[in-house]
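quick one: sequence plus predicted model below, questions after.
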Amino acid sequence: MLRSFRQVFKSNRTPMAAVMIVVLLGLVAYLAPSGGAVSADTVVARIYGHEVTMRELGEHMQELYQRYGKQASPEALKPFVQSQALRDLTNQKLMEELADRHHVVVTDEEVGARLRAFLRQYPIFKDAKGDLKSTAELKQIFQEVGFNPAMQERMLRSELMRTKLIQQAALQVPVDEAWVNLENRLRNEKVAFQQASLTVDPASVADPGDATLEPFYKAGGDRFLQPPRRILQFVAVDRAALGKDVQVDEAALKAAYASRKADNTEFKARHILFKAEGEAQIQEALAKANLLRERLLKGLDFGKTAEEQSEDPTAKGNGGDLGWFNASKMVKPFSDAAAAMKVGEISQPVRTQFGIHLIKLEGRREKTFEDVKDSLARELSESRFASRAQERLEQVRKRANGGDLAAAAKSLGSPAQLTQPFSNEPGAQSEGLPELPQLVNEAFRLKVGEVSKPMAFGERYLLFRVQSELPEAVPPFKEVRAKALTAYRLEEARKAAVAKAQQALKEGGLQAVGTVTDQASGPLSGLRELVAHPGIRKALLDTAVGQTTPVLWTQDGKLWVAKITSREPAPALTFETRRSLIQDLQTGEAQKLLSTEMQALDQQGRLRPGFSSLWGHFGGIYINTSAVQVPLED
């Protein structure tokens, strides 16, 4: 059959090619980002084929707003809340992808049982017999208390999925007798001890000079081995380089003011919100809003009613007061309705992605040209600077055509510079390029010879080319003398500290080493920071009562020693305690495995977002950044 297909394809190349082009164009149309307004169904992220819609994002943002309460205004919190909500939903979809890969299924029956169990915890949802109230009664209570059962179901489904994934992974974790016994001792054996520590002061060691330091450096070998280092050729453009190009005259300011009339009009309003999901709830909310509007028109106090009936959590305590805002601060249907109203008027029901609103307009004011002149000048100047700087750097990039940037940069009045060699390590520095810590990852992502895109860093824009890469090597002594001196001082200070401690122990015990502290008898597992150090943990378990542990170094660089004063052995494990301990160990390791697997899946997916997530439709992560940066239209 495959051979026959090939023959048909070979004999009909032109028609078949046309068919393939049509199919490809259709695929591109399907995968390409949709333009225009953002709706509740707009995909804001796609994680290995699992989609996150704007509706889901908005709902989770509302939940986060409720958690944060009145710490700040919703508008001030929005960037943080939106980022956190997107991160939470991305993690949820990553977990769904892992569940698919591991063939883990959560059924509706399981979620329903969990939801009923959750509701039974609260008397408000139960009747006199202790059973859950009827569906109609529950629905009414949900609306009154602002409880979203659909959101709770999603949370319970996610918890069930995580639990099943951990349980499945736990079964794959082998636990031997030695591990069980060690954990039993850490949890149940009670140890009391005295401890003392000694702080090391490398600065007290004098610079010995090159005659001593250079042989130390040579004997150090791989201690001073540096990873591959790169040299960048970069071009920077700041405001001074552009001069008058970023200045804004009076005519441009007035034109911008005239074009932004809507932004210069501010409204003061209150609102009452009825949350709604799906067409049935929307119709029900519309009916409630229409009935309430009639009562409000007859004199019912809007602010008091908002506090009593609005389902916007921020309405409690402020009567639904939204303060002053302009059109850009609200979703479009809301701002359009406010713009069309007269002061004192109560709107018809307004539908947005949050539900149904009633709006009372309490004020309207216009900002004059003088009011906004200074801020407008800064904004336009910033915009011009960004545009001109990127334009100049793009010209440098095109003229260089993938080669040396120096000639192209010089011709445009922005000379190219070279960095000092640097490695892909935290705190990388290079004279003349203070932005290096921010771009070091990108510098190592590009290949040698590749040119970056223009990048914004504070008050200037940068373009850089990976000039060369130095291989892993031990650099000449002069290049790393400071590093060698630091290592020498630390080593000498540690030698002196160990000698001092050992001599002190012989002559005066722990008191001669340093300040002694007593650790009361208790399980070592309670001393998390101390026993996280493998050497200290072993010393505390193995040293006999009345004996002193070896001198060891803590994780923060202090010399540490202890004397065991008492030890109460752990009780023997029974069948039940052994089984429980094994389950705890397996679950703990399974949680680490799940976290690691999700992190790896996240990192792998973000490497290939693809053409509007061509890869993300099947095996990657696509974030629609433009969709979460614009007002939402329903």
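Received, thanks. Residues are numbered from 1 along each chain as shown.

if I look at G112, how far off is Y122?
Computed as Cβ to Cβ, to the nearest Å, the G112 to Y122 distance reads 17 Å. (Glycine included, C-beta is placed from N, CA and C.)

now do the contacts for Y65.
Contact criterion Cβ atoms under 8 Å, 6 or more residues apart in numbering gives P74, L77, V81, P313, T314 as the residues in contact with Y65.

okay, and the second one sits in which element?
Read it as L77. helix 74-101 (DSSP states H and E).

what helices or strands is that helix leaning on?
In terms of contact count using 3 or more Cβ pairs under 8 Å, 6 or more residues apart in numbering; DSSP states H and E, helix 74-101 is assigned the packing partners strand 43-47, strand 50-53, helix 54-68, helix 149-170, helix 575-607.

so how far is the helix or strand following that helix from its chain's centroid?
The element immediately downstream of helix 74-101 (helix or strand, assigned by DSSP H and E) is helix 108-119. Computed by Cα atoms, centre = their mean, to the nearest Å, the chain-centroid distance of helix 108-119 equals 31 Å.

okay, helix 108-119 in PDB with CA atoms only?
The C-alpha trace of helix 108-119 is given here as PDB (Å, rounded to 0.1, in the frame of the first residue of the first chain):
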ATOM      1  CA  ASP A 108     -15.500  12.800  38.200                       C
ATOM      2  CA  GLU A 109     -16.900  10.400  40.800                       C
ATOM      3  CA  GLU A 110     -13.700  10.800  42.900                       C
ATOM      4  CA  VAL A 111     -13.800  14.600  42.600                       C
ATOM      5  CA  GLY A 112     -17.600  14.600  43.500                       C
ATOM      6  CA  ALA A 113     -17.000  12.500  46.600                       C
ATOM      7  CA  ARG A 114     -14.200  14.800  47.700                       C
ATOM      8  CA  LEU A 115     -16.400  17.900  47.100                       C
ATOM      9  CA  ARG A 116     -19.300  16.400  49.100                       C
ATOM     10  CA  ALA A 117     -16.900  15.500  52.000                       C
ATOM     11  CA  PHE A 118     -15.500  19.100  51.900                       C
ATOM     12  CA  LEU A 119     -19.000  20.600  52.100                       C
END
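
for it, which positions count as buried?
The neighbour-count check on helix 108-119 (16 or more other Cβ atoms under 10 Å) flags V111, R114, L115, L119 as buried.

ok, now stretch 423-432?
So stretch 423-432, judged by 16+ other Cβ under 10 Å, has buried residues A428, S430.

mean confidence for that stretch?
Per-region confidence: stretch 423-432 scores 83 on mean pLDDT.

do stretch 64-77 as well
The predicted model gives stretch 64-77 an average pLDDT of 66.

also stretch 435-452?
Computed over stretch 435-452, the average pLDDT equals 91.

now swap in stretch 481-497 and tell me
Average pLDDT, stretch 481-497: 93.

residues of that stretch that come out buried?
A484, L485, A487, Y488, R489, E492, A493, A497.

please enumerate the strands of the stretch 201-350 of the chain.
Using DSSP state E, counting those that start in this stretch, the strands found in the stretch 201-350 of the chain span residues 229-238, 265-275, 321-325, 350-352.

would JSON lines of the buried residues of stretch 481-497 with distance to I166 and secondary structure be doable?
Shown next, in JSON lines, are those (distance: Cβ to Cβ, whole Å; DSSP: H, G, I helix; E, B strand; the rest coil):
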{"residue": "A484", "distance to I166": "48", "secondary structure": "helix"}
{"residue": "L485", "distance to I166": "49", "secondary structure": "helix"}
{"residue": "A487", "distance to I166": "44", "secondary structure": "helix"}
{"residue": "Y488", "distance to I166": "49", "secondary structure": "helix"}
{"residue": "R489", "distance to I166": "47", "secondary structure": "helix"}
{"residue": "E492", "distance to I166": "49", "secondary structure": "helix"}
{"residue": "A493", "distance to I166": "46", "secondary structure": "helix"}
{"residue": "A497", "distance to I166": "44", "secondary structure": "helix"}
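
what residues go with each domain of the chain?
When the chain is parsed into structural domains using automatic domain parsing, the resulting residue ranges are 190-205+480-568, 226-247+374-473, 265-366.
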